[in-house]
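In: I would like the atomic coordinates for the input below:
(2 chains)
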Amino acid sequence: MTTKVADPVIEVHDLTVSYQRKPALWGVDFSLPSGVLAGIIGPNGAGKSTLIKAMMGLVSGDSGYVRLFNRPIDEVRGKVAYVPQRGTVDWDFPASVLDVVLMGRFKKRRLFSRLSKADEALALRCLEQVGMEGFKYRQISQLSGGQQQRVFLARALAQQAEIYLMDEPFAGIDATTEQTIFELLGKLRDEGKTILVVHHDLQSAYQYFDWIILLNTQLVASGPRSDIFVPDYLRKTYGGKLNMLTSVGEMLAEMEAPTREK
Amino acid sequence: MVLLGIASSTIGTFAFLRKRSLTGDAVAHSVLPGVCLAFLIFQTRNLWVLLGGAFVTGWLSILFVDLITSKSRIKPDAAIGIALSFFFAIGIVLLTYIQQTGLPGQSGLNNFLLGKAAAMAPEDIRTMSLVSIVIVGTVAVFFQPFRLLSFDPDFAKATGMPVRFYETLLTTLTVLAVAAGIQAVGVVLMAAMLITPPAAARFWTNKLGVMILLSVLFGVAGGILGAYVSFANNKMPTGPWVVTMTSLLVVASILFAPGKGVFSRWWKKRQYRNKVQRENLLKALYHLEEATPGKQWFGLPEIMEKRPDLSDALAGQLRQLQRNGMIEQSQNKYAVTPEGMTEGKRIVRIHRLWEMYLTEKMNIASDHVHEDAEAIEHIITPELEERLAALLDYPEKDPHNKEIPW
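Out: Model (predicted):
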């Protein structure tokens, strides 16, 4: 079931993405209204991260498209913040916490100019919001997993965007911090921002998100929380195997020739 | 040589941080056929022409690696190995061919293999200087985007930064640095000029800017030393000496860098072990006093009985405690001073508080807590101790019904 939105900020249309011809996402189609805190929920290997990456234009789709503010991502990047998975970078990189947060202030047009005092003040405020202000000069290699995650969040906050796309921001974070950060995201939502979070825990998902997208390669359901959290959909997402799809996917992976004309 | 050290170490830092060091090696070996082809086609030893040839095949090797990895199942490490040996083999074939042609000016070409700083003409040095300045200047201008790209390429792309452009720029600068260095260091070992200085520098700092400066310093030092040996002894090629020097700097950094070095870690471990042994000895003396009220002076056998594991080091540890004013000695007997009593009391207190904490708050059986407390008693700071005591509401007795001394 997919709840259609009249005037969507985010629109994903019939998106198919494959790695070496094996589809990771298959005909995913949904839209989001503005000012929601939405969660993408699904089992391991369901394509949750791929969906976020495809929305950011970091992986390209076989078919379908993504529109943010009714535009292709490349035209609105300044209004979209991104939190990649913590494990995608080398935390032994020689940089301080503040250095990393300031990366969120990087703008194309200000290539040559140095970062201003205002940028730094903003970065510090963002660190405060995630409770990491005491760590600003700390080397990133000395942070715990949860702290690394919060630094990434602060960097996204420093981007001062309208849409936030976050890939597993709660992995490795303790329950107290998780709650603090969810409250922070709730505040952003109340300011009218749209937040889309890849999340793994069903229980906290129900507690905090007001919009849920259930994903298992296909879109199972997308809509307001209460419409989506019904046993039938959850079973479809987690329990019942998508047998047909898996078999065809494996067959595609074994094919020697491209299966699409382009 | 100095300029080369600066240029290659600067750009090498980014290659190192992006884990592309081996790509630099592939490029270095792949410039040889370019140099030879340029010489064959234009029949000149003008450095600009040879650099041009080097640049072209250097870039070709990178495209070759990309092509193999994207179009086949071969992984990058193998693809780099294939490109490196393939291009280098062609280079050697061409070089041998050139040497047989007897073309004028061919005699110096084999210097490109292992480098010969002494064989460089003044205009070669001018060319190299210019290339080096271009490299350092570009890095200075694009420092921020290069750093972002090296740390988190996905995020860089997400912000709308032209990632492809910067990646190409970084690769081009790497190829340039290699091409500029082959005359002085030689294609075989040029990659070391990219890799070794940043590898050594990484041990000494956690700041990227400082790391680049240190890397430059190491590169220049290695370059000067290597060039000096090669100048002093005309038969010696420059490259191997330069690389020997920079590699020694890497080894020295691994061993002696503060904090991350092997020696520093060994020293810290040793210091800590000594501290633990001293504190345990003091604790043993405190226990002796506790067990026999009124008695103050203890002989070696009594102490040894309490600390059998220390028997070899006991004399040294006792001397150390004496020097710290924790105990005093008279004839062959030892007594704890008031300072020593305070310190011993503190350690015993933490030990018993921790046992208390484990049994009360963590629900661990009281006969399972001693080992843990033995380790924790040496770690806990006064602030943590205060918090621990407050948490347990300043107890009088530990789980084994021993008094907690305040």
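
In: all contacts plus neighbour counts: C-alpha atoms, from now on.
Out: Will do.

In: what helices or strands is the helix or strand harbouring A:T176 leaning on?
Out: Taking DSSP states H and E as the definition, A:T176 sits inside helix A:175-190. With contacts taken as 3 or more C-alpha pairs under 8 Å, 6 or more residues apart in numbering or on different chains; DSSP states H and E, helix A:175-190 sits against strand A:37-41, strand A:194-199.

In: Number of residues surrounding the nearest residue to A:D7 once chain neighbours are set aside?
Out: Computed as C-alpha to C-alpha, 6 or more residues apart in numbering or on different chains, the closest residue to A:D7 that is not its neighbour in sequence is A:P33, at 6.6 Å. Counted with other C-alpha atoms under 10 Å in any protein chain shown, residues neighbouring A:P33 total 17.

In: A:P33 reaches A:P8, doesn't it?
Out: Yes. The criterion here is C-alpha atoms under 8 Å, and A:P33 meets it with A:P8 at 4.6 Å.

In: how does chain B divide into domains?
Out: Under the assignment automatic domain parsing, the domains of chain B span B:2-193, B:264-336, B:341-391.

In: quick one: which of the helices and strands packed on helix A:175-190 is nearest chain B?
Out: Closest to chain B of the helices and strands packed on helix A:175-190 is strand A:194-199 (C-alpha to the nearest C-alpha; 15.2 Å).

In: Mind listing what's buried along that closest one?
Out: Across strand A:194-199, burial judged by 16 or more other C-alpha atoms under 10 Å in any protein chain shown covers A:194-199.

In: Any part of that strand near chain B?
Out: No. Using C-alpha under 8 Å from any C-alpha of the partner chain, strand A:194-199 stays clear of chain B, coming no nearer than 15.2 Å.

In: strands paired with that strand, and their directions?
Out: The partner list of strand A:194-199 in its sheet, established with DSSP bridges, is strand A:37-41 (parallel), strand A:163-166 (parallel).

In: which SS state does the closest residue to chain A within chain B fall under?
Out: Scanning chain B for the residue nearest chain A gives B:N206, at 4.5 Å (criterion: C-alpha to the nearest C-alpha). Under DSSP: H, G, I helix; E, B strand; the rest coil, the three-state class of B:N206 is coil.

In: Now for the nearest residue to it once chain neighbours are set aside, how many residues are close by?
Out: Counting by C-alpha to C-alpha, 6+ apart, B:N206 lies nearest to A:P94, which is 4.5 Å off, once chain neighbours are set aside. Using other C-alpha under 10 Å, A:P94 has 21 neighbouring residues.

In: Could I get the phi/psi values of A:P94?
Out: With angles defined as degrees, to the nearest 10, A:P94 shows backbone torsions of phi -70, psi 90.

In: burial count for B:A227?
Out: Here the neighbour count serves as a burial measure; for B:A227 (other C-alpha under 10 Å) it reads 26.

In: same question, A:V89
Out: Under the neighbour criterion other C-alpha under 10 Å, A:V89 is assigned a count of 15.

In: mind checking how far it is from B:L149?
Out: In this structure, A:V89 and B:L149 are separated by 11 Å, where distance is defined by C-alpha to C-alpha, to the nearest Å.

In: what sits against the residue nearest to A:D7?
Out: Contacts for A:P33 (C-alpha atoms under 8 Å, 6 or more residues apart in numbering or on different chains) come out as A:5-10, A:194.

In: Can you give me the neighbour number for the closest residue to A:V97 other than its chain neighbours?
Out: In space, and not counting its chain neighbours, A:V97 is closest to A:K136: 5.1 Å by C-alpha to C-alpha, 6+ apart. Each residue near A:K136 was counted by other C-alpha under 10 Å, and the total is 19.

In: returning to that earlier point: next, format the helices and strands packed on helix A:175-190 as JSON lines and append mean pLDDT.
Out: Formatted as JSON lines, the entries for those read as follows, by pLDDT from 0 to 100:
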{"stretch": "strand A:37-41", "mean pLDDT": "93"}
{"stretch": "strand A:194-199", "mean pLDDT": "94"}
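
In: Just tell me which of those strands ends up closest to B:L169.
Out: For the helices and strands packed on helix A:175-190, proximity to B:L169 was assessed by C-alpha to C-alpha; strand A:194-199 is nearest, at 34.0 Å.

In: could you check the angle helix A:175-190 makes with the closest one?
Out: Strand A:194-199 and helix A:175-190 meet at an angle of 150 degrees, taking axes from the mean of the first three to the mean of the last three C-alpha atoms, to 10 degrees as the criterion.

In: which of the residues in the helix or strand that strand A:194-199 is followed by are buried?
Out: Reading on from strand A:194-199 to the C-terminus, the next helix or strand found by DSSP H and E is helix A:202-208. Burial within helix A:202-208, assessed by neighbour count using 16+ other C-alpha under 10 Å, is assigned to A:205-206, A:208.

In: Quick check: which helices or strands does helix A:202-208 pack against?
Out: Secondary-structure packing of helix A:202-208 (3+ C-alpha pairs under 8 Å, 6+ apart): strand A:37-41.

In: got the CA positions of the strand it packs on in PDB?
Out: Provided in PDB are the C-alpha atoms of strand A:37-41 (Å, rounded to 0.1, in the frame of the first residue of the first chain):
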ATOM      1  CA  LEU A  37      10.100  12.400  10.100                       C
ATOM      2  CA  ALA A  38      10.100   9.200   8.000                       C
ATOM      3  CA  GLY A  39      11.800   5.900   8.500                       C
ATOM      4  CA  ILE A  40      12.900   3.300   5.900                       C
ATOM      5  CA  ILE A  41      12.500   0.000   7.600                       C
END
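
In: Break down chain B into its strands, ranges please.
Out: Under the criterion DSSP state E, strands of chain B are mapped to B:298-299, B:327-330, B:333-336.

In: Deepest-packed of those, please.
Out: Sort those by mean neighbour count, taking mean count of other C-alpha atoms under 10 Å in any protein chain shown, and strand B:333-336 sits at the top with a mean of 20.

In: What residues does the stretch 1-150 of chain A have near chain B?
Out: Listed as neighbours of chain B in the stretch 1-150 of chain A under the rule C-alpha under 8 Å from any C-alpha: A:56-58, A:74, A:77-78, A:80-84, A:88-90, A:93-96, A:103, A:106-108, A:111-112, A:139.

In: What about those residues, which are in helices?
Out: Members of the residues of the stretch 1-150 of chain A next to chain B lying in helices (criterion: DSSP state H): A:D74.

In: Buried members of the residues of the stretch 1-150 of chain A next to chain B into ChimeraX, please.
Out: Applied in ChimeraX, the following selects the buried portion of these according to 16+ other C-alpha under 10 Å:
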select /A:56,57,58,77,78,80,81,82,83,84,90,93,94,95,96,103,106,107,139
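
In: Please narrow the residues of the stretch 1-150 of chain A next to chain B to those residing in strands.
Out: Using DSSP E, these in strands are A:80-83.

In: Out of these, which is nearest to chain B?
Out: Among these, and counting by C-alpha to the nearest C-alpha, the member closest to chain B is A:Y82, at 6.6 Å.

In: Find me the pLDDT at the closest one, would you?
Out: Residue-level confidence at A:Y82 comes out at 94, pLDDT.

In: wait, doesn't it sit right on B:A156?
Out: No. In this structure, A:Y82 sits apart from B:A156 without contact. The criterion is C-alpha under 8 Å, and the distance is 9.8 Å.

In: contacting residues for the residue nearest to A:V97?
Out: Applying C-alpha under 8 Å, 6+ apart as the definition, the contact partners of A:K136 turn out to be A:96-98, A:124, A:127.

In: Mind telling me which residue of chain A is nearest chain B?
Out: With distances taken as C-alpha to the nearest C-alpha, chain A approaches chain B most closely at A:P94, which sits 4.5 Å away.

In: rewinding a little: mind putting the buried residues of helix A:202-208 into TSV with pLDDT?
Out: Formatted as TSV, the buried residues of helix A:202-208 follow (pLDDT from 0 to 100):
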residue	pLDDT
A:A205	86
A:Y206	85
A:Y208	89
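
In: which regions of the stretch 51-200 of chain B sit below the pLDDT cut-off?
Out: Per-residue confidence of the stretch 51-200 of chain B (counting by pLDDT under 70) places the weak regions at B:107.
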